[in-house]
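Asks: how would this look folded up:
(chains A and B)
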Amino acid sequence: MRRLPVYLLLDTSGSMKGEPIEAVRCGIQTLISTLRRDPQALETVFISIITFDREVKVILPLTSLESLQIPEIEMPDSGPTMLGAALGVLCQQVDKEVILSSDKVKKDWKPLLFIMTDGKPSDTKMFNEMIPECKKRNFAIITGCAAGMKADTISLQLIASSVVRLDTCDSATFEQYFKWVSASIMSGSQSVGTSIELTLPPPPSEVEVVI
Amino acid sequence: MGNDVTKVLKEKKYKIKRIVGVGFHLSNLQPRLYDYLLKKQALKQIAQIETKTVTELKPEEKHIDHPRINLPNLNIAGDYYDIDLKKHLTGSFFSKNERTEKETYEVKNVSEDNEQILVTFDAETYRFSCVTTTPGEYDFILVRKVTGNEFIELHTLPMHLIVNPDPKTLWKNIPSDETDPYYKPDTNFRIINCDENLSLIGASKRGRSHAQDGRFRDDDFEMYYDNNLLYAVIAVADGAGSAKFSRKGSQIAVQTAVNQIKSQADKEFWRKIETYVDKWQLGEEEGYNNLRALLYKSIIVNAAFQSKQNIDLERTKLAKLSSLALASSNNVMIDTKDYATTLLISVAKRMKQGWFIASYWVGDGGIGIYSPDENQVIVQGEPDVGTYGGQTRFLTMNEVWAGTYHEIVDRRLRFNLVKNFRCLVLMSDGVTDPIFETENNLNKIEVWHSLWEEMNIMVNFSTRNESTAKALLDWLDFWSPGNHDDRTIVIMY
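Replies: Residues are numbered from 1 along each chain as shown, chains lettered A, B, ... in the order given. Prediction:
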């Protein structure tokens, strides 16, 4: 069976503490339960969650939707946003987890990547170095989500093929965002047998597309 | 609480407990106890604790709450769930106490929706099992009551269980739009009986992933047997899932391929082929080269390339029509890649030396000549596959046509002379993906054996009539997780 690997990179720096991170947690819950109701996604989607604050943690290695359980998200009170380091860990994980060629098992679909941050990378040098590395991993899509007005869309645009902005970090907005993520993943799992670019469904009105 | 009362009750081995809702009111105390308290002049205090409740003295109940655990998911609702709970616990929930005299277990379903679920826990084997047909999230509390002399421990363990829906129940079957100009039926099956012992049989079925949202069947097949010249042509094509007109692309491809070969492979053509085959069999290079050249002309140029050309023509036609319909001078953007399709073509003829079979292959899927008696399969070509899953090449791509004569022939044309074979099989990747899994396995005879066995369970090939083709179509509905693409298979046997 071909897997569709989906990577979620989530900002857990101090500013996300409280309502925002709770909203993200609810959003992930919605994402997972929506995907579980889609037969194509249920059988093919594998999800990994990587969080970044001053540290980068793989809180969920690539796991099938069937057996997935949402892990606890822990976060510090304050500190830097190591997005660059997170991209580094992401590349390692992709190299380790995504099956490109094998005589025994089937190759995976091109992975999808969703990055969510409410700030900007503190490790700019690392971030800039990791951009070409990430591009080499051949993601079918990379979308960036700038959550809240303080989020830096410019650096996200350097890595993501499309960037959306959420004006607020409340649960309703995140719920809409994650619904859109699930719609994107489902359209990814449906574009079976294509070599043509994956097109994303239109984002909901709460989400502003940054051009 | 009055010390006197407490003291008095303690003397009588009674104990005041503050369990709201349990026990009974002081006025319900046994008369003897009441009298006793009265004598001890403790009743002064009784007024103060009148509103509180007391129970008869039992060993103290100690409540121990254990942290919630997530049970491994039940992957398919309806399946029997049975796990060794001890293996999933790290804490002290099951730890024994020397003074334990008795222990009992109880599982409570505290799920929000209180869905129907049958739960059991076996205290001896620590096995937790349940059955439900309703997917969702469940919460349980496992209560372990440990009783000893003078003590009771109530251990509670909240447990969370996710029950996934059975994917089979999630698929919808939405018919495709019959009014679409490029509409074609969601299924197709046919049999051509060439002679008593030779048939061409084909079936094609829209995949579940297409049926789920009312998309068309993008696969197609065509087959022909020439009763005079005694040769067969088979073509299978798989339209790209993402290309909006690929159902038409695959249809044009298979029809053009078969018609072109039909119109060109005349008596003279086969005479030449037979002559070249003879020479080739004698080891003459000239025979081999001539064969290649003639097959290049007839199968690659005349059939496959013409299929691509006809797709281009269709695209131009539609673009013009659309511009007219929209009554605008704007060019309607219709690209050849909107018709993207793979194409497999096989031509087979019985000759005095044996069966001559030649194939052209662009894209994924598979072509094989299966000879179980020789324990052999000849795969006539190699699939086009990319680094990641689902990537392939299409007939409509220019890169497929780039290169020299030799490069193209080496890459895409194969021919063999076989003495004996059970069947020639052409399949789209909707069949090869679940059956063969990897390109490498396409060459493994064991996989072909099991494919043939599996098909024969559902299809009685010896009947050679309409029902045989229908049975083959039904076989195409087999279940394979994650593999729900259109499926097409054509067999000459």
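
Asks: Just confirm residue A:113 is within a strand.
Replies: Yes: according to DSSP: H, G, I helix; E, B strand; the rest coil, residue A:113 belongs to a strand.

Asks: how deep is the closest residue to residue B:383 other than its chain neighbours tucked in, by neighbour count?
Replies: Nearest residue to residue B:383, sequence neighbours excluded (Cβ to Cβ, 6 or more residues apart in numbering or on different chains): residue B:364, at 4.6 Å. C-beta: built from backbone N, CA, C; applies to glycine. Neighbourhood size, residue B:364 [other Cβ atoms under 10 Å in any protein chain shown]: 25.

Asks: tell me the SS of residue B:364?
Replies: Per three-state DSSP, residue B:364 ends up coil.

Asks: What of the one 4 residues further on?
Replies: Three-state secondary structure (criterion: three-state DSSP) places residue B:368 in strand.

Asks: What ranges in chain A fall below the confidence cut-off?
Replies: A:103, A:188-201, A:203-208, A:210-211 (pLDDT under 70).

Asks: mind listing the strands for it?
Replies: For chain A, the strands defined by DSSP state E cover A:4-11, A:45-52, A:56-64, A:112-117, A:141-147, A:162-166, A:207-210.

Asks: mind giving me TSV with those strands and columns for distance to chain B and mean neighbour count?
Replies: Below are those laid out as TSV (distance: least, Cβ to the nearest Cβ, whole Å; neighbours: other Cβ atoms under 10 Å in any protein chain shown):
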stretch	distance to chain B	mean neighbour count
strand A:4-11	9	25
strand A:45-52	10	24
strand A:56-64	9	17
strand A:112-117	12	25
strand A:141-147	13	24
strand A:162-166	18	21
strand A:207-210	22	15
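
Asks: For those strands, give me CSV that also has distance to residue B:164.
Replies: Converted to CSV, these look like this (distance: least, Cβ to Cβ, whole Å):
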stretch, distance to residue B:164
strand A:4-11, 17
strand A:45-52, 12
strand A:56-64, 10
strand A:112-117, 21
strand A:141-147, 26
strand A:162-166, 29
strand A:207-210, 29
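
Asks: how about these, which one is nearest residue A:99?
Replies: Residue A:99 lies closest to strand A:4-11 among the strands of chain A, at 8.9 Å (Cβ to Cβ).

Asks: Check the offset of the closest one from the chain's centre.
Replies: Here strand A:4-11 is found 3 Å from its chain centre; the criterion is Cα atoms, centre = their mean, to the nearest Å.

Asks: just stretch A:99-114 next, same as before
Replies: 17 Å.

Asks: Same question for that stretch: list its buried residues.
Replies: A:106, A:107, A:108, A:109, A:110, A:111, A:112, A:113, A:114 (16 or more other Cβ atoms under 10 Å in any protein chain shown).

Asks: can you name the two of those residues that are farthest apart?
Replies: Pairwise distances across the buried residues of stretch A:99-114 (Cβ to Cβ) peak at 23.9 Å, for the pair A:106 and A:114.

Asks: nearest to residue B:212, of the buried residues of stretch A:99-114?
Replies: So of these, ranked by how close each gets to residue B:212 (Cβ to Cβ), first place is residue A:109, at 17.2 Å.

Asks: picking up where we left off before, if I look at the residue nearest to residue B:383, what pLDDT would I see?
Replies: Residue B:364 carries a pLDDT score of 93 in this model.

Asks: Now do the same contact list for it.
Replies: By Cβ atoms under 8 Å, 6 or more residues apart in numbering or on different chains, the contact set of residue B:364 is A:193, B:238, B:342, B:383, B:384, B:385, B:392, B:428, B:429, B:432.
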